[in-house]
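>>> next comes the sequence, and after it the predicted model I'd like to discuss.
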Amino acid sequence: MTGTWSLLRLVLRRDRWLMPLWIVCLAVAPMGYLSSIKAAYPDAASRQHFYDLNASSATFVVRNGPLYGSSVGNLLAWQCGFVPVVVGLIALLTVVRHTRAEEEAGRRELTGATVVGRHAGLAAAVIAACGACLAYGLLVGFGLAAQGAPFAGALALGLGFSLAGWVFAGVGAVAAQLTWGASGARGIGIGVLVLAFLLRAAGDSSGSAGWVAWLSPIGWAHRLRPFAGEQWWVLALGVLATGALVVLAVALSARRDLGAALLPARLGRATAKASLRSPLALAWRLQRGTLLVWTVCLALIGLLMGGVGKNVAEMMRDNKAVADVFSRVGGGGAVTDAYLAGTMTLFGLAAAGYAVQATLKLRAEEAAGRAEPLLATAVGRTGWALAHLTFAVLGSAFLLAVTGLAMGSAYGASLVPAALTQLPAVWVLAGLAALLIGFVPRFAAAAWGLLGAFLLLSLVGTALRWNDVVLGISPFQHLPRLPGGTFSVTPVLWLVAIALAAGAGGLAALRRRDIPVG
């Protein structure tokens, strides 16, 4: 363990912008939800009506988890039901980034040549991830308490988020020992996260098999029962599971060589297939797994959200305040149309996340040293970059089309055109990511910060009636609100022009700068 604290300082330095950004931005959401709930359901009768409609709805329970009561705190905890999944994802990606990705890039070997213990890097990554999750949970708890929420329930809600993050930090630590590359470790970790969500959903939606939810760390966060008679002992499950996973990761790490993996690597062909003889074919090989994961996940969520859409009109019929919130977020006249339009904004933001990830693959290939030998051949920089940007552009379109199809099939109407309306704003994010790669490659990851800011503006800012000038910073605020709204070509053309200008500027800068830039 020698050198753990030095490596921990290195981890914190590398994530000095990214870590505080996700902690603060994600903490704002529950606080915004609390204000919205107080405004939308000001009396016990309106909250009870909401409870009666949703507590027994299988679709809502699958999406958000069990609803334990009709108090403001109960509604808040239920509204934040998906947050543990997000925190768990961030935690496992953080651990993989500072363990297996470091080995893959060759930096772990350099630090290991100094006075550093064998397990110091793993320990530093886990401590950083768990510390960030704890800081997030405490910030949520104290922030909600400052807004008037009962302190015990607010703290339990925040620590439930932390619990999910701790366990999946351990999952990321184990996954990092199994595969030869960071992408494989991420795939294993995300697979476990999806399984945990499905177990939680299956247990919560089935009264006779409710014990299944206890098999999921996501289910543990709900079983803390914030604002509903807190069960503090559930936190011990998360601590014990995290400790067991970290011990397992250390044991597995001791059984393998640096840079090696426990799962055998599949041998490649002696000669490349004809389908790999172009930059676009290589980009497809590198991007296809990511596109598949995003498509499956968003299609499943689309099915859930489409099922919810059937009940929205009844749920909002007697609550004009909630209908007004949906109308501001989604636009349109009818409450159901406003809900669908608001949901399409969420899917647009998700597709923008894929577009950013696909674009940043350029920087990942460069930083890993794989771009330089490729560009030493007859492949030009522009062709190489355009191959990856093709997936950011067309892949996001495919993603939204499949999501709209899935949601429409559950809702009973065609929603593909409404989903595709989000594309211009998605492309703006891809263009900005390309611009960062071209001009300031060291800060290319700031594209995630831009996405987080737009997410905050589009969801929390809209619900809380922030100034229109501030909200207008987000490209998603300028899109036509479909279904139910009026389609206008002018803002769409402006957004496409901004995306093209940003992308072209990034490509021009990429052609003129050094490769690689550390």
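Sure thing, it's come through.

>>> for residue 81, helix, strand, or coil?
Under the three-state scheme (DSSP: H, G, I helix; E, B strand; the rest coil), residue 81 adopts coil.

>>> ignore what I typed, I meant residue 109.
helix.

>>> for residue 472, what are phi and psi?
phi -70, psi -10 (degrees, to the nearest 10).

>>> and what of the one 3 residues further on?
Residue 475 adopts backbone torsions of phi -60, psi -20, taken as degrees, to the nearest 10.

>>> what helix or strand does the closest residue to it other than its chain neighbours sit in?
Nearest residue to residue 475, sequence neighbours excluded (C-beta to C-beta, 6 or more residues apart in numbering): residue 425, at 3.9 Å. Using the backbone N, CA and C atoms, a C-beta is placed for each residue, glycine as well. Taking DSSP states H and E as the criterion, residue 425 maps to helix 423-439.

>>> before we move on, back to that, tell me the contacts of the residue nearest to residue 475?
By C-beta atoms under 8 Å, 6 or more residues apart in numbering, the contact list for residue 425 reads 348, 352, 474, 475, 476, 478, 479, 495.

>>> okay, it: pLDDT?
In the prediction, the pLDDT value recorded for residue 425 is 91.

>>> same check, this time on residue 85
We note a pLDDT of 87 for residue 85 in this prediction.

>>> how deep is it tucked in, by neighbour count?
Residues within reach of residue 85, counting by other C-beta atoms under 10 Å, total 19.

>>> state the helix or strand in which it lies.
Residue 85 belongs to helix 83-97 when assigned by DSSP H and E.

>>> could you export that helix as CSV, CA atoms only?
The C-alpha trace of helix 83-97 is given here as CSV (Å, rounded to 0.1, in the frame of the first residue of the first chain):
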residue,chain,number,x,y,z
VAL,A,83,-30.3,8.6,-9.1
PRO,A,84,-28.6,5.6,-7.5
VAL,A,85,-28.2,4.1,-11.0
VAL,A,86,-26.4,7.3,-12.2
VAL,A,87,-24.2,7.5,-9.1
GLY,A,88,-23.3,3.8,-9.4
LEU,A,89,-22.4,4.3,-13.1
ILE,A,90,-20.1,7.3,-12.3
ALA,A,91,-18.4,5.4,-9.5
LEU,A,92,-17.5,2.3,-11.5
LEU,A,93,-16.4,4.4,-14.5
THR,A,94,-14.1,6.4,-12.1
VAL,A,95,-12.5,3.3,-10.8
VAL,A,96,-12.0,1.8,-14.2
ARG,A,97,-10.5,5.0,-15.5
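
>>> centre of the chain to that helix, how far?
Centroid separation for helix 83-97 versus its chain: 8 Å, with C-alpha atoms, centre = their mean, to the nearest Å.

>>> element containing residue 473?
Using DSSP H and E, residue 473 falls outside every helix and strand.

>>> who's in contact with residue 513?
By C-beta under 8 Å, 6+ apart, the residues touching residue 513 are 438, 441.

>>> how far away is it from residue 442?
Going from residue 513 to residue 442 by C-beta to C-beta, to the nearest Å gives 11 Å.

>>> name the helix or strand for the closest residue to residue 165 other than its chain neighbours, please.
Leaving aside its chain neighbours, residue 165 sits nearest to residue 133 (3.0 Å; criterion: C-beta to C-beta, 6+ apart). Using DSSP H and E, residue 133 falls within helix 120-146.

>>> so which elements touch the first helix or strand past that helix going along the chain?
Of the helices and strands lying after helix 120-146 in sequence (DSSP H and E), the nearest is helix 151-178. Secondary-structure packing of helix 151-178 (3 or more C-beta pairs under 8 Å, 6 or more residues apart in numbering; DSSP states H and E): helix 72-79, helix 83-97, helix 120-146, helix 182-205, helix 217-223, helix 234-254.

>>> any idea which helix or strand comes after the lowest-mean-pLDDT helix or strand in the chain?
In the chain, the helix or strand scored least confidently by mean pLDDT, DSSP states H and E is helix 320-330, which has a mean of 52. Of the helices and strands lying after helix 320-330 in sequence (DSSP H and E), the nearest is helix 335-367.

>>> state the mean pLDDT of that following helix.
Rounded to a whole number, the mean pLDDT of helix 335-367 is 83.

>>> now stretch 458-466
Average pLDDT, stretch 458-466: 63.

>>> from residue 149, how far out is the nearest residue to residue 75 once chain neighbours are set aside?
Nearest residue to residue 75, sequence neighbours excluded (C-beta to C-beta, 6+ apart): residue 37, at 5.1 Å. Per C-beta to C-beta, residue 37 is found 10 Å from residue 149.

>>> neighbour count winner among those two?
When neighbours are counted by other C-beta under 10 Å, residue 37 and residue 149 differ, and residue 149 comes out ahead with 25 against 22.

>>> quick one: contacts for that one?
34, 72, 73, 76, 227.

>>> quick one, what contacts residue 235?
So residue 235 contacts 159, 163, 224 (C-beta under 8 Å, 6+ apart).

>>> out of the residues you listed, which one sits closest to residue 400?
Closest approach to residue 400 among the contacts of residue 235 (C-beta to C-beta): residue 163, at 33.2 Å.

>>> pretty sure residue 349 is touching residue 456, no?
No - using C-beta atoms under 8 Å, residue 349 is not in contact with residue 456, being 10.3 Å away.

>>> where does the protein have low pLDDT?
In the predicted model of the chain, residues 56-60, 206-209, 259-262, 264-268, 275, 308-335, 459-468, 484-485, 518 satisfy pLDDT under 70.

>>> again, only this time at 50
Residues of the chain meeting the criterion pLDDT under 50: 329-333.

>>> okay, which residue is most central for it?
Residue closest to the average C-alpha location in the chain (C-alpha atoms, centre = their mean): residue 86, at 5.6 Å.

>>> correct me, but it touches residue 26?
Yes - Residue 86 lies in contact with residue 26 (C-beta under 8 Å); the separation is 6.8 Å.

>>> how far away is residue 403 from residue 120?
According to C-beta to C-beta, residue 403 and residue 120 sit 42 Å apart.

>>> out of the two, which sits in the more crowded spot?
Taking neighbours as other C-beta under 10 Å, residue 403 and residue 120 compare with residue 403 leading, 33 against 20.
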